[in-house]
Every structure is written in C-alpha cells, then in structure tokens.
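*Asks:* please find the sequence and the predicted model below.
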Amino acid sequence: MKRTLFLATIAALLVVLFAFVAPQSQSNIIHVDTDYILSKIPAYQDAQKQLDDLAQQYRAEIDAKVKEVDSLFKVYQENEVLMTPEMKMRLKNEIMQKDKQVKQLQKQYFGPDGLLAKKREELMKPIMDNVYKAVKDIAEQLHVDYVFDKSTGEILYANPVNDKSDLVLKKLGY
C-alpha cells in the first residue's frame, strides 16, 4: 500500500514536471522560404530585372574590350616575324595595358564593392528590410523563438530571451 502511494506520488510529480516545466524549456521554431516570398513580390522581380539588364550591359562592354585585346594579339602573332624589336615591345605593352584595363573594368563592375553590388544593395535592401520586419513581427505575434529561412538555412529571427552569450562569458570568467 505504501509502495502504491509512493509510486502514485512519483507519477503525479512526473506529470506535473512534464506538464509545466518541459514545455516552458522547449523552443518554438518555424521556417519561411524567402525565395518563394521574394518570387511573389513584384518590386523584387522589377529590381532583379534591372540588375540583370545592367549586368548584361556591363558584360557586353567587357566582351567588346576582350575582343579588342584578342584582335591586337592576333595582329601581333601574325606580324611578329616582320616587326622590329621596338615594334614588338610597343605592341606587347599595348596588349598588356588593354588587358589590365579589362580586368580593372571587371572588378569595377562585378567586384565585391563594384557598381553591380552597389546597385543590388540599393534596390534590394528596402525589399529585404520589409521581409525581415514582417518575419520579426510574425515571430513576436506567434511567440516564436526562432525563424529559419528554408532556402538559405539562415536564422532570420532569434528571440533575444534565448541568448545565453553572457552566461557563456561568465562561465569563461569574462
């Protein structure tokens, strides 16, 4: 009898523990698909078209310069035996200078800080800011702890209550 009462008490405590303590420690996690979301936003599609057109324009300009360098190189190869050493040196220098200009132009247009990246930032940042704000608002409204982006795997929202960085620093003695 005592044993049955003891087991019943333990069972009741476990029920209370799992009913109240465990759910409080679990995190609420949802995901969104930003690729899908962005595909449904006309402003994003317009911005993407502008970027594609600009990239095509830049590529055409670079291709024209590359053809110019190739043409000079062909002239050099075809006439090399007929040229004086000074002529060879002058044409080689011109080819190298134009090739260097092409590389600089590629960096200017397509580099990490290039014109295309700046234009992308200018056009996409307002759209992405709106998406992130909507995600944050929904996460707070639904009392969600984490929101993952299905298309990139990134965390779009993390409830600051769950940030235990200070505890880690304290544990490390900082």
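*Replies:* Now that the structure is in, tell me what you want to look at. Note that the structure is predicted; figures quoted are calculated from it, not measured.
*Asks:* in space, not sequence, find me the middle residue of this protein.
*Replies:* T152 (8.1 Å; CA atoms, centre = their mean).
*Asks:* relative to K118, how far out is that residue?
*Replies:* Between T152 and K118 the computed distance is 22 Å (CB to CB, to the nearest Å). C-beta coordinates here come from the backbone N, C-alpha and C atoms, glycine included.
*Asks:* circling back to that earlier point, leaving out the residues flanking it, which one is nearest to the residue nearest to the centre of the chain?
*Replies:* Among residues not flanking T152 along the chain, T34 sits closest, at 6.8 Å (CB to CB, 6 or more residues apart in numbering).
*Asks:* check what pLDDT the one you found gets.
*Replies:* Here the pLDDT value assigned to T34 is 95.
*Asks:* number of nearby residues for it?
*Replies:* For T34, the count of nearby residues is 18 (other CB atoms under 10 Å).
*Asks:* what residues sit buried inside the helix or strand where V75 lies?
*Replies:* Taking DSSP states H and E as the criterion, V75 maps to helix 42-79. For helix 42-79, a neighbour-count test (16 or more other CB atoms under 10 Å) marks Y44, A47, Q48, L51, L54, A55, Y58, I62, K65, V69, L72, Y76 as buried.
*Asks:* can you list the buried residues in the helix or strand harbouring R90?
*Replies:* Element membership of R90, judged by DSSP H and E, is helix 85-110. Neighbour counts using 16+ other CB under 10 Å place L91, I95, K98, D99, V102, L105, Q106, Y109 of helix 85-110 among the buried residues.
*Asks:* could you export these as a markdown table, including pLDDT and distance to D163?
*Replies:* Formatted as a markdown table, those follow (pLDDT from 0 to 100; distance: CB to CB, whole Å):
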| residue | pLDDT | distance to D163 |
| --- | --- | --- |
| L91 | 93 | 63 |
| I95 | 94 | 57 |
| K98 | 95 | 54 |
| D99 | 95 | 51 |
| V102 | 96 | 48 |
| L105 | 97 | 45 |
| Q106 | 97 | 42 |
| Y109 | 97 | 40 |
